[in-house]
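Q: How does the following fold in three dimensions:
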Amino acid sequence: MRAIELAEHGGPEVLKAVETEVPEPGPGQVSIDVAYAGVNFADLKARAEGYRVEALPYRPGLEVSGRVRAVGAGIAGLAVGQEVNALTAGGAYAEVAVAEATTVFPLPPGIDLRTAAALPTVLPTAYALVHAVGRLQPGETVLVHGAAGGIGTAVGQLAKAAGAGAVYGTVSSPAKAEYARAYGYDQVFVGDFERDARALEKAVREATGDRGVDLALDPVGGETLKASLASLAVFGRLVSYGNASSAEPWRVGQPELYPTGISVGGFSILTLARTAPEALRSLAEQAFAKVADGTVTLPVTAEFALADAAEAHRLMDSRTSTGKLLLKVA
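A: The predicted structure follows:
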């Protein structure tokens, strides 16, 4: 079968097409004939920095849609030929991928394979940020970094559906701001807030009459996370769900939390898949229902052939992409 691998870390050029053996599912696993694979920022960090890469060569890719090819021992409720999407621990950039059965989901009615490939990482994460971890209440305000990305696009819509009083976003360009405003954002701040975090706090305070926001969602880390903390209202919450800046691990304690009663939470869908797969399954089913009922639309804005995975990475690396990027495999 065809697959994309990297034998060394570096730029998009290290992604190489290879011919390799078809993987077989072990006990509790399912193999999938891949129709589409999603492209995520975590794939870029795996390629460039070795994020979650245990050994080389490594095959990237965390989400797929397709049809069940084979099932391992102990599997119930999934059948060969069934259309599914899945969260994988890697290996999705291939014609056949293997996933734990607990992270394989039959497609909800009305969702096709192309749409389904955009969901496994993005939508459960967005749903968790708004509901399970962020616990957004009607009338509350929320600040979302990366408002024009896949997760940002979903969060804007989910927050509005949950009755948010105002949804604020950050983006790096006016074009992204225009895009984000079509997906639930009331106001979008444009700037390089990794470099000028103080400008972020100032923008939020001005927009909220110096009150701050009730919920801030941060995938960036570093100075952006500190500015997000400083932008919280009394009793506000911050949820960290990534470290795109590759900054040193953040720490927060009594001096930051006590004065205004703020709190900090965290979320990683990949970690949850490993430590609490049944919780992830419940979360994903609730999230996917929001697409099936029309609450959330997750646009695929660019599609590449499997052999052109490096081009997909270059586009995402450029910070000019919006929405969701896919590889079309079959």
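Q: What are the boundaries of the helices in the protein?
A: Assignment of helices within the chain using DSSP state H yields the ranges 41-49, 113-117, 122-127, 150-161, 174-181, 197-207, 222-230, 254-257, 269-275, 277-292, 309-317.
Q: quick one, the fifth one and helix 150-161 angle?
A: Which is helix 174-181. Between the direction of helix 174-181 and that of helix 150-161, the angle (axes from the mean of the first three to the mean of the last three CA atoms, to 10 degrees) works out to 40 degrees.
Q: low-confidence ranges in the stretch 51-200 of the chain?
A: Under the criterion of pLDDT under 70, none of the stretch 51-200 of the chain is flagged as low confidence.
Q: Pick out the residue nearest the middle of the protein.
A: Nearest to the mean C-alpha position of the chain, counting by CA atoms, centre = their mean, stands residue 122 at 3.7 Å.
Q: In contact with the closest residue to it other than its chain neighbours, which residues?
A: For residue 122, the nearest residue in space outside its immediate sequence neighbours is residue 150; the separation is 4.3 Å by CB to CB, 6 or more residues apart in numbering. For the C-beta atoms, the positions are set from N, CA and C on the backbone; glycine is no exception. Taking CB atoms under 8 Å, 6 or more residues apart in numbering as the contact definition, residue 150 lies against 40, 118, 122, 298, 323-324.
Q: now with 10 Å?
A: 38-41, 118-119, 121-123, 125-126, 298-301, 321-325 (CB atoms under 10 Å, 6 or more residues apart in numbering).
Q: Can I have the buried ones of these as a ChimeraX selection?
A: Applying 16 or more other CB atoms under 10 Å to the contacts of residue 150 leaves a buried subset, and the ChimeraX line that selects it is:
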select :38,39,40,41,118,119,121,122,123,125,126,298,300,301,321,322,323,324,325
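Q: For stretch 12-26, measure first residue to last.
A: Using CA to CA, to the nearest Å, the span of stretch 12-26 from its first residue to its last is 31 Å.
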